[in-house]
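**Student:** Quick check, what structure comes out for this input:
(2 chains)
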Amino acid sequence: MVVETTQAVEQIAHLMRRAGFGATRDELDALEAQGYDAVVAELINPSDTSAMPDDIIRRYHHEQSGMMGQINPGAYWLYKMISTKAPLVEKMALFWHSVFATGYPKITQGKVLSDQIRMFRRYGMSNFKTLLIELSRDPAMIVWLDNHDNHKGAINENYGRELLELFSMGVGNYSEEDIKEASRAFTGWTLGNTEYMALRGERDSIWPYGRIAWHFEYKPEDHDEGEKTFLGQTGNFNGEDIIDIICQQEATARFISRHLYDFFVAEEPPVPAWPYSQPRDEAAIQTLMDPYFDSGYEISAMLETLFTSDFFKNDEGIRFIRVKSPAELVASTLRLTGEFANRPRREILDRAMQMNYMGQTLNNPPSVEGWHQGMEWIDTGTLVERLNFATAQLGDVNKPGVRTMISRVASESDGVISSARLVDTCLDAMGVVAVSDDTREALETFAAKRGDLSVDADNVSDAAEEHIAQMFQMIGACHEFQRA
Amino acid sequence: MTTAQKTDFLKYSHSIGLSTMEGRGFYYPVDTTFDGGGKVYTVSRSLDGDNRGLRVTIYDADSNYYTTFGQYGEGDGEFVWPTAIARDSAGNTYVACEYLNRIACFDSAGNPLPSWGAAGSSDGELDGPSGLAVDADDNIYVVDHHNNRVQKFTAGGQFLRSFGSQGDGDGQLNLPWGIAIDGAGDIYIADWRNDRVQKFSADGEFIAVFGEAGRGDGQFHRPASVSVDGDGNIYVADWGNERVQVLDSEGNFVQCIRGEATDSKWADAFLAINIEEAAARAGANLEPDIEFFNDDPHEESSHIEKFFWAPTSIKLDGEGRVFVTESNRHRVQIFARA
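**Tutor:** Numbering: from 1, shown residues only, chains lettered A, B, ... in the order given. Just a heads-up that it's a prediction; the model follows:
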C-alpha cells in the first residue's frame, strides 16, 4: 500500500522546497487547501512577514548583529530562516547574497554585513532599479569594492566594473570606457567617518566601547560633475542615472533571468561561462525577461512568472536535482525538527557552525563571485558533515517536530506497519519526499531488516519511536533529502 | 500620569568601561552590584561562542580596577549565560546562569562555593534564572524567567516560596527579568514582555503596576531592570527603548535619559598608547546625522556611541548613584542626583 499524495500537494511541496525551506506535512495540508496559485501569491506578497522577534532573540543572544566577532550573524539569519512566515523573503536574501557576494575578511565588521542582508530582505523582491541603488549605497558593498577610494579625478573602477560584470549585465555587453564612465558617476558615494570606521577598524580590539555601525554618506564635493557617456547615452550622470541606463538593457533582463533560473529551477554553469554557453532552457529565460520589462523591472513579477510556469511547476524532471546549499539544508532540517520553535537556545550556535563545516559561512562567501553551487557543495568531507547533521537532528525523538512526524506515522497504523509501508509513511511525513526507485529499494531493504513495526498510535512506545526515527535518519541521508 | 519632566533629577557623572575579554574592562556586561565598602562588581556574559570574556570585574566608582573572578564553564564558580549578580551581608556573591539553570556562588574572596539550582518547573526548580536580589535576612529572590514566577530561597539554595504565573493580569508575569527590593521589603519586578513594572509585597501579594507599552514618557518597551531608592523613586532600564526612565513612588514620570557616555579613564589609557586609532577617533564625527530606515532606537544606538545600547541593568550604590550597565557597549554609565 502506498501513501496517497496528490499531484497538487507534490507541486506545492516542490514550490516550498525551492521558494522556501520546505514545509512540514501539516503545513502542506493547509497550503494544499489554499491552492498553488494562492500559495505563490502569498510567497511573493506575504500578508504575514513575522519571524522570531528581534527582542526575543536579543534577550538571550545579546548581540548577534556582528559588532564583534564573525560567527553570530549567521546564527541570527538561521533563526530568521527557520522561523519566518515569509520564507521567500529569506530565500531572496540568500539569492542576492550569492549574486552580490560580500565577505567578511575585507570588511571586518559583521554588523554592516548583517545590515546588507537586512536590505536584501526589504528590497529583494522589489524593483531591480531600487535594489541596485540601495546596493550602491550599502556601506559593506562600498568598502568591499573600494568605492570609498573612488574619487573625483582619481577613480577606482572596482565597483563600476563589478556592477556591470557581476551584478547586472555580464561580460561582453559593455566596454572598458563604460566602466570608467560608470565609476566617475559613483564618485562621492562613500561611508561616513571612513578613516575611523574602515581604514583603522580592522581589529575588534581598537574600539573602547565596541564597534560603531556604518552609514552611507554622499560627498558632493568629491563627485565628478562632468559629462559622461555611458552605453551610448551622454549626460552629467550620477550613480542613479547609470543604474537607470543599466536597467533599460536587454542584457540586464537576461542576466537576472538566468540567475533566477539557476537558483530556483535548475543549475546553469558558473557565471563566467555564460557568454560562451547557451542557457539550459532558452525559452524559459525569454519567458522571465518579458515580465521584467512589462512591469518596469519588478523582481516580484519575474518570480510570479517563474513559479507559475510549466518549466517550474510541472516539469517533474527538475525536482530533487538541486543540491541544497548548507544554509538550505540546515534551515530545512531545523524547520522539520522544530527545535527552536518556542524559544531561542544557545544550541543555535552549533547549528549555525554546521553550515560552516559544510562549506558555507554566511556573510563570508569565498569571493565576489559568491559560492559555486550545485554539486560543488559536495565533497567527501562536506558529504559526511551533511549526513551526520541531518541524521543527528532527525533521529532525536525529543525534538518537537520529530515527535510530530512520529505521531503522524503512528496514526497511519492499525497496530502494525509493514516495512514497505513505513518507508512510504515516513517519506510523506517528512514533507512529501519523492524518491527514485533505487533510493526506495535501499530504504525498503533497510526497513525490512527490522521487520514490521508494532505501534499503538495512542501510546507510541520508546522502541517504536526509535524504530520510526531510524527511518527518518535514513531518509535524511538520501540523495533526495539532500536536494530540493 | 505624565508630568513635566524634571530634567535635573539625575545628572550624568561619568562612564567606566572598556571592551576587553580579560582583566580590566568588560565584555558584554549584564549586571552590577556593590559590596557596601565602595567596590563595584560587574558580571560579563561575553559573546556567544567565545568562552573568554565571562567574569566578574571588581573596580570602584573612581575607575580603580582590582581584579576578576569567575569564568566560563559548568563547574562551581563557573557560568555560561550569566544574567544577574547579587551579594549578601556576609560578602558572598551570587551569579545567576540562565543556561545551566542554577546560581553560582562565591565567598567574599571570590573563591567558588557549591552552586545550587536545577532545571525544571517544580518548586525550587528553575527555567532561565534572570534576576537576583537579596533581602534584609539574606534570603535570595530569583526571577524564574521562563516559569514566569519569582522564587525565594535561603542563601544555601533551600526553596522557601514562589509567586507569580504566566499572563498579563495584575500580578501575572510574562518573561520577567530584573528585580529590586525596597527598604520596606516590597518587591519590584521588570515584567519584561508585558512592558511594565510590578510591585509586590514581600509575601508576593500584588500591590501596583507602573507603565504600559510604548515609547512615550512613562511607557516602556521590554524593561530589563528596576531599582528603588530610599524615597521610593523607581529607576527603570527601559531596554527595548534604549533609555533609562525615572518614576516617583506613585509611578509618575520624572525623567527620561537616552545616554550621555564620554570616554572612560580606561578608554583614555587605551587610546593614549594606540595613537593612530586615537587620531582617527578624534577626527570622526561620533554623532552623525543619519536618516534611519525605522524608528527602532536599537538601530540608532548602534550608530551613536554615547547613547545607551542594551541597558540590561540599573542599580543604585550606597550613595544613591545610578549605575547603568550596557551590554552592547561594554561600559557602565553613572548618574547622580543633581
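**Student:** Quick check: closest non-adjacent residue to B:Arg161.
**Tutor:** Spatial nearest neighbour of B:Arg161, excluding adjacent residues (Cβ to Cβ, 6 or more residues apart in numbering or on different chains): B:Lys152 at 4.6 Å. To be clear about C-beta, it is placed using only N, CA and C from the backbone, and glycine gets the same treatment.
**Student:** What is the burial count for that neighbour?
**Tutor:** 21 (other Cβ atoms under 10 Å in any protein chain shown).
**Student:** close enough to count as contact, A:Val455 and A:Ala410?
**Tutor:** Yes: using Cβ atoms under 8 Å as the test, A:Val455 is close enough to A:Ala410 to be in contact (4.9 Å).
**Student:** tell me, what's touching the two both at once?
**Tutor:** Common contacts of A:Val455 and A:Ala410 (Cβ atoms under 8 Å, 6 or more residues apart in numbering or on different chains): A:464, A:468.
**Student:** okay, the two: which has more neighbours?
**Tutor:** Neighbour comparison, A:Val455 and A:Ala410: the larger count goes to A:Val455, with 25 against 22 (by other Cβ under 10 Å).
**Student:** ok now do the nearest residue to that one once chain neighbours are set aside, which residues does it touch?
**Tutor:** Using Cβ to Cβ, 6+ apart and skipping the chain neighbours, the partner closest in space to A:Val455 is A:Ala464 (4.3 Å). For A:Ala464, the contact set (Cβ under 8 Å, 6+ apart) comprises A:410, A:453-456.
**Student:** In helices, which of those appear?
**Tutor:** The helices, defined by DSSP state H, take in A:Ala410 from those.
**Student:** about what we covered before: can I take it that the residue nearest to A:Val455 is in a helix?
**Tutor:** Yes: counting by DSSP: H, G, I helix; E, B strand; the rest coil, A:Ala464 is located in a helix.
**Student:** Could you list the low-pLDDT ranges of the chain?
**Tutor:** If you meant another chain, say so; for now it's chain A. Residue ranges of chain A with pLDDT under 70: A:1-4.
**Student:** was after chain B, sorry
**Tutor:** Where chain B drops to pLDDT under 70, the residues are B:1-7.
**Student:** Name the residue most distant from the centre of it?
**Tutor:** Within chain B, the residue lying farthest from the chain centre (Cα atoms, centre = their mean) is B:Glu276, at 34.2 Å.
**Student:** hang on, isn't that one packed against A:Arg200?
**Tutor:** Yes: counting by Cβ under 8 Å, B:Glu276 sits close enough to A:Arg200 to count as a contact (6.4 Å).
**Student:** and stretch A:441-457, how far out from the chain's middle?
**Tutor:** 35 Å (Cα atoms, centre = their mean, to the nearest Å).
**Student:** Kindly report the same for stretch A:448-464.
**Tutor:** What separates the centre of stretch A:448-464 from the centre of its chain is 38 Å, taken as Cα atoms, centre = their mean.
**Student:** Helix or strand for A:Asp424, just tell me which one.
**Tutor:** Element membership for A:Asp424 (DSSP states H and E) is helix A:419-429.
**Student:** Just the angle for the helix or strand that comes right after that helix relative to helix A:419-429, thanks.
**Tutor:** Of the helices and strands lying after helix A:419-429 in sequence (DSSP H and E), the nearest is helix A:437-450. Helix A:437-450 and helix A:419-429 are oriented at 120 degrees to each other (axes from the mean of the first three to the mean of the last three Cα atoms, to 10 degrees).
**Student:** what packs against helix A:437-450?
**Tutor:** For helix A:437-450, the elements it packs on are helix A:419-429, helix A:462-476, judged by 3 or more Cβ pairs under 8 Å, 6 or more residues apart in numbering or on different chains; DSSP states H and E.
**Student:** on that earlier part again, helices or strands up against the helix holding A:Asp424?
**Tutor:** Using 3+ Cβ pairs under 8 Å, 6+ apart: helix A:419-429 touches helix A:400-411, helix A:437-450, helix A:462-476.
**Student:** okay, the ones you listed in JSON lines with distance to B:Gly240 next?
**Tutor:** Below are those laid out as JSON lines (distance: least, Cβ to Cβ, whole Å):
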{"stretch": "helix A:400-411", "distance to B:Gly240": "28"}
{"stretch": "helix A:437-450", "distance to B:Gly240": "49"}
{"stretch": "helix A:462-476", "distance to B:Gly240": "39"}
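**Student:** Which one, of those helices, ends up nearest to B:Ala136?
**Tutor:** B:Ala136 sits nearest to helix A:400-411 of all those, at 43.7 Å, using Cβ to Cβ.
**Student:** which residues of the stretch 151-300 of chain A fall in strands?
**Tutor:** A:189-191, A:216-218, A:228-230, A:233-235 (DSSP state E, counting those that start in this stretch).
**Student:** Deepest-packed of these, please.
**Tutor:** Comparing the strands of the stretch 151-300 of chain A by mean neighbour count (mean count of other Cβ atoms under 10 Å in any protein chain shown), strand A:189-191 comes out on top with a mean of 22.
**Student:** and whichever helix or strand comes after it, does that touch chain B?
**Tutor:** Once the chain leaves strand A:189-191, the next helix or strand it forms, by DSSP H and E, is helix A:194. No: Helix A:194 does not reach chain B (Cβ under 8 Å from any Cβ of the partner chain); its nearest approach is 9.1 Å.
**Student:** what's next to helix A:194, contact-wise?
**Tutor:** Around helix A:194, the neighbours that count as contacts under Cβ under 8 Å, 6+ apart are A:His148.
**Student:** From what I see, A:Glu202 and A:Gln109 are in contact.
**Tutor:** No: at 9.4 Å, A:Glu202 does not count as touching A:Gln109 under the criterion of Cβ under 8 Å.
**Student:** more crowded one of those two?
**Tutor:** Between A:Glu202 and A:Gln109, counted using other Cβ under 10 Å, A:Gln109 has the larger neighbour count: 26 against 13.
**Student:** So the more buried one sits against A:Arg203, correct?
**Tutor:** No: between A:Gln109 and A:Arg203 there is no contact under Cβ under 8 Å: 10.8 Å.
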